[in-house]
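> What follows is a predicted structure for the sequence shown.
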Amino acid sequence: SSSSPARGSQMSIREIAAGTAAGIAQVVVGHPLDTVKVRLQTQRPTDVKFTGTVDCFFKTLRYEGVKGLYKGAYSPLVGAMFQNAAGFYFYAWSKSAVRSVWGLETNAGLNLKQTFTAAALSGCMAIFVETPVDLLKVKMQAQLYGGKAQYRNVFHAGYKIFMDRGIQGLYQGHISNAYRFVPGRAVYFTTYDATIGYISKTPERPSLYHCFIAGGFTGGVTWISTYPFDVIRNRMQADASDPSHRRYKSVSHCAAQIFKEEGLGGFSKGLTACLLRAVPCNAAIFTTYTAAMRAIE
């Protein structure tokens, strides 16, 4: 059976509103450790400013205050609202598409293979929102105290990159981001659904406590599974905006350089900070999203 257009658009508005609320929760909870993660990932072995997660957190706090930990947060705040709204909206749309292809009822549950397919499809669409937002966030976070700041704020960064390089400038590192994000989305929603199915007696309407547990677990699993590509993506996005000044020519060149200079350890740089952030952050995302969806039922 198919849903009416009115019900479909109502559904879209709910997904977008709940996703937006989840995005706000994500930044409030997670941005300080995201800043730490990016700084650890982008520091060069020849110029080590931080010895690890704790050192980076407290040095940032000492030299730049709380503001330093929320550096570049405007972009992820607006961005996380967009990203989560797009992420949950495209996932809902992809689930409908998968139900049509498999000939299922409008609200039929999906098995894990169908969930994986829908999640990967949603990643292919949401990536076009994801890359520019991530780029501006990384450009801001990689600017350290003491250095000459190239960008005053995230809007200045976006304006400057767009004026210098056009739309393609905002998609710097897009391919490396796709390697991380599309399989990451598939793992993300599949892990969440599987975990809810395992821990909840009513998986079609789980308690917020179960959403919190499943969301935290999902965040950890997803980041561990895609982390090396996140390091590569951050290096490529923190690289010079002008292609002629870039250190890295391609994804494979960037991976080879990291391996040559830092060995396998280079691909897990900042992982502790990432997981300390990913678990509470994704717990907050799924709990807030579910609570908001129920509030506007």
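Yep, it's here.

> What segments of this structure are strands?
Here the chain has no strands by DSSP state E.

> residues in contact with the closest residue in space to residue 16 that isn't next to it in sequence?
Once flanking residues are discounted, residue 16 sits nearest to residue 85: 4.5 Å by CB to CB, 6 or more residues apart in numbering. Where you see a C-beta, it was placed from the backbone N, CA and C, and this is true even at glycine. Residue 85 is in contact with 15, 16, 17, 19, 20, 23, counting by CB atoms under 8 Å, 6 or more residues apart in numbering.

> any idea which of those is the one closest to residue 248?
Residue 248 has its nearest neighbour among the contacts of residue 85 in residue 23, at 29.5 Å by CB to CB.

> How many residues are close by that closest one?
26 (other CB atoms under 10 Å).

> Run through the residues that contact it.
Contacts of residue 23 by CB under 8 Å, 6+ apart are 77, 79, 80, 81, 82, 83, 84, 85, 285.

> State the distance from it to residue 284.
Residue 23 is 10 Å from residue 284, where distance means CB to CB, to the nearest Å.

> Near the closest residue to residue 254 other than its chain neighbours, how many other residues are there?
In this structure, residue 254 finds its nearest non-sequential neighbour in residue 248, 3.9 Å apart by CB to CB, 6+ apart. As a burial measure, residue 248 scores 20 neighbours (other CB under 10 Å).

> Residue 248 and residue 239 touch, don't they?
Yes - if you go by CB atoms under 8 Å, residue 248 and residue 239 touch, sitting 5.6 Å apart.

> Just checking, which helix or strand of this protein averages the lowest pLDDT?
Within the chain, no helix or strand scores below helix 5-42, which has a mean of 85 by mean pLDDT, DSSP states H and E.

> Pull out the buried residues from that helix.
14-42 (16 or more other CB atoms under 10 Å).

> ok, now stretch 93-107?
93, 94, 95, 96, 98, 99, 104.
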